[in-house]
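Undergrad: pasting the sequence and the predicted model now:
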Amino acid sequence: MPRPTPKLPLKGLFVGLKATMGIFLKTMFPKRGIKTLLPAPTIGAVTVQYPHKSPPEMPAPRARGVIALKSENCTVCMLCARSCPDWCIYIEGHKTKAPPRRPGGKERTVSALDRFDIDYALCMYCGICVEVCPFEALFWSPEFEYSEPRLADLLHDEARLNEWMETVPEFEPYEAGSTAKVKKVPR
Amino acid sequence: MTASVLALDWGNYWQQSIFRVLGAAIFVILGAGTFVIAFLFKMMSYMQSRLGPMEAGPHGTLQLVAEVGKWLQKEDLVPDRADAKLFKLAPYIVLASTFLLAVVMPFGPDAYFVNVDTGIFLALGLSSISVLGILVAGWASANKYSLIGGLRAAGQLIAYELPMVLAVVGVVIQAGTLNLQGIVAAQHEGDIFGWGGIGNPFILTQLVGFVVFMVATQAELAQTPFDMPVAESEIVTGYMTEYSGMRFLLFFIGEFATAAVFAALASTLFLGGWAVPFVDLDENAMNVVGPIVLLVKMMIVGTLIFWARFTFPRFREDQLQSFAWKALIPISLVNILATMVLKVAF
């Protein structure tokens, strides 16, 4: 059965034409007064030519830019590497002896981190590793300007991942009424 | 029917033919390039409060060169099950119709490639060749989206060819000739109910015809309110789905060059063509000024076409057909009747 044809909304057609032409003129001739006739679209456009100029607010604080690593907190538990859907986290470690906590105590066995690499060429920014880490060793940082001409250079090693810690913002306060304490980012 | 090219009666058949081919190629490529840069890249961007391409050349004016270079480098793919010969032929059929259309355009008193007695009749006939290319492309791609797109294009072009022809009939009645140069002369020397101040650009007396013609043009070009043949959210890109590289480029050039040619046709029919008021038609300088005047009028008509394109969302397929048959054709028929009566009365 053919659907009924609605009446042609003549008034709406002109409203639409007016809207697009309005924005066109606003973008093309943003200046006022005598200078109105000088076309200056670079001023009128709301967009920013990004690599040449930085937008006023950049990046958004909770953006998923890059994953930072706090090596001291990592216990080589491998939870992040195992939960990674892309298998883009490479961890190697060995067991070593640490001095006892109390004088006269037994030497402890701890895991030492030998290698912690994240291959950002594979990473899909799902954030499961950050969620799953029980020792607060992985954090989201909003930095995103780390593109490389060579694909292999997107593999960030431990030192590079540690450097990103400086860019990790403090956690935002919870909503009003929440009783949970806001976590602190280890510096 | 004269065979003068730019008032040069020199040369034999082949020299003139080469001249026409080169001239039409320049018109098609320059027209398509101008329309893409001015409207698709810049006007569309400004209407969305952004800048568009800005990197290649000053304000991104050389972006098209980069794009064409990219397309030329791409692989020329032919689908496995496709009818390879027809598949490869189709873009050329579409482009050929545009080229032939460019040949009949008048640019000045002596600046024309061919001056046919039945110019507008020939132009409208040639413009419908492109649908054959589109149908061939849709069928030969061996792809359901391509086939649906090709059939939609065929249905749409047939439905909108009629109001376009009927809108032109009003102009032809008023001008009393099918010759495009004659139509330009009729507008230049005409008068509106006895007042001949600026001649009679037919947009003033044939406003209804102009509106119908522009709506039908929009549909013929498959620009946005009527872009069901390439509706990318429904059928990928219709008949262009399987095309890549050079052959896609040919379709792309064809689309925008046809827009340029139809803008030239609309300015010739309704805006007075290459003529300027108060300047004698046979003035020799008009051979140089005429093309520029025509270009300015083309840009005005192109602004209208692309303004509508960037404003309105797509019609539904059945709305498209009923709009053509139930609204545009009756309106243009009434327009013809009114023109006939007024022509006899005055």
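TA: Good, I have the coordinates.
Undergrad: now what about the least confident helix or strand in chain A by mean pLDDT, what contacts it?
TA: The helix or strand of chain A with the lowest confidence, counting by mean pLDDT, DSSP states H and E, is helix A:41-44 at a mean of 76. Helix A:41-44 has contacts (Cβ atoms under 8 Å, 6 or more residues apart in numbering or on different chains) with A:26-31, A:49, B:46, B:49, B:51. (Each C-beta comes from the backbone N, C-alpha and C, glycine too.)
Undergrad: need the three-state assignment for the residue nearest to residue A:84 when sequence neighbours are not counted.
TA: Residue nearest to residue A:84 in three dimensions, not counting chain neighbours: residue A:129, with 5.7 Å by Cβ to Cβ, 6 or more residues apart in numbering or on different chains. Using DSSP: H, G, I helix; E, B strand; the rest coil, the structure places residue A:129 in helix.
Undergrad: isn't residue A:100 up against residue A:109?
TA: No: Residue A:100 is beyond contact range of residue A:109, at 11.3 Å (criterion: Cβ atoms under 8 Å).
Undergrad: residue B:97 - how many residues pack around it?
TA: Neighbour count for residue B:97, taken as other Cβ atoms under 10 Å in any protein chain shown: 23.
Undergrad: tell me which element residue A:112 is part of?
TA: Using DSSP states H and E, residue A:112 sits in strand A:108-119.
Undergrad: tell me how far the helix-or-strand element of chain B with minimal mean pLDDT lies from the chain's centre.
TA: Using mean pLDDT, DSSP H and E, helix B:202-205 stands out as the lowest-scoring helix or strand of chain B, at a mean of 75. Chain-centre distance of helix B:202-205: 20 Å, with Cα atoms, centre = their mean, to the nearest Å.
Undergrad: which strands or helices does that helix pack on?
TA: Packing contacts for helix B:202-205, counted by 3 or more Cβ pairs under 8 Å, 6 or more residues apart in numbering or on different chains; DSSP states H and E, involve helix B:144-175, helix B:207-220, helix B:245-270.
Undergrad: tell me the residue of the stretch 201-346 of chain B that sits nearest chain A?
TA: Nearest residue of the stretch 201-346 of chain B to chain A, counting by Cβ to the nearest Cβ: residue B:311, 4.5 Å away.
Undergrad: who's in contact with that residue?
TA: Residue B:311 neighbours (Cβ under 8 Å, 6+ apart): A:16-17, A:19-20, B:47.
Undergrad: so which of these is the most crowded?
TA: residue B:47 (23 neighbours).
Undergrad: any idea how far chain A is from that one?
TA: Noted for residue B:47: a distance of 5 Å to chain A, by Cβ to the nearest Cβ, to the nearest Å.
Undergrad: now swap in residue B:75 and tell me
TA: Residue B:75 is 22 Å from chain A, by Cβ to the nearest Cβ.
Undergrad: show me what contacts that residue?
TA: Counted by Cβ under 8 Å, 6+ apart, residue B:75 has contacts B:244-245.
Undergrad: rewinding a little: residue B:185: which of the contacts of residue B:311 is nearest?
TA: residue A:17 (33.5 Å; Cβ to Cβ).
Undergrad: and the closest one, what helix or strand is that in?
TA: Here residue A:17 is assigned to helix A:10-28, by DSSP H and E.
Undergrad: wasn't residue A:93 part of a strand?
TA: Yes: membership of residue A:93 in a strand is supported by three-state DSSP.
Undergrad: distance-wise, check it relative to chain B.
TA: Residue A:93 sits 46 Å away from chain B, going by Cβ to the nearest Cβ.
Undergrad: next: residue A:179.
TA: In terms of Cβ to the nearest Cβ, residue A:179 sits 45 Å off from chain B.
Undergrad: pull the number of nearby residues for that residue.
TA: Residue A:179: 5 surrounding residues under other Cβ under 10 Å.
Undergrad: residue ranges of the helices in chain A, please?
TA: Assigned by DSSP state H, chain A shows helices spanning A:10-28, A:41-44, A:79-83, A:128-132, A:158-163.
Undergrad: and the ones you listed, which one's lowest on average pLDDT?
TA: Ranked by mean pLDDT, the helices of chain A bottom out at helix A:41-44, with a mean of 76.
Undergrad: roughly how far is that one from the heart of the chain?
TA: Computed by Cα atoms, centre = their mean, the separation of helix A:41-44 from the middle of its chain amounts to 29 Å.
Undergrad: same deal with stretch B:141-157?
TA: 21 Å.
Undergrad: and the contacts of that stretch?
TA: Contacts of stretch B:141-157 (Cβ under 8 Å, 6+ apart): B:79, B:81-83, B:87, B:128, B:130-131, B:134-139, B:219-220, B:222, B:226, B:228-231, B:235-243, B:317, B:320-321.
Undergrad: now do it, average pLDDT.
TA: For stretch B:141-157, the mean pLDDT works out to 87.
Undergrad: ok so, going back, can you lay out the helices and strands packed on helix B:202-205 as TSV showing distance to residue B:337?
TA: Converted to TSV, these look like this (distance: least, Cβ to Cβ, whole Å):
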stretch	distance to residue B:337
helix B:144-175	10
helix B:207-220	11
helix B:245-270	19
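Undergrad: so can I have TSV of those showing mean neighbour count?
TA: Shown next, in TSV, are these (neighbours: other Cβ atoms under 10 Å in any protein chain shown):
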stretch	mean neighbour count
helix B:144-175	22
helix B:207-220	23
helix B:245-270	24
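Undergrad: quick one: residue B:110 and residue B:285 touch, right?
TA: No: Residue B:110 lies out of contact with residue B:285 (Cβ under 8 Å); the separation is 11.4 Å.
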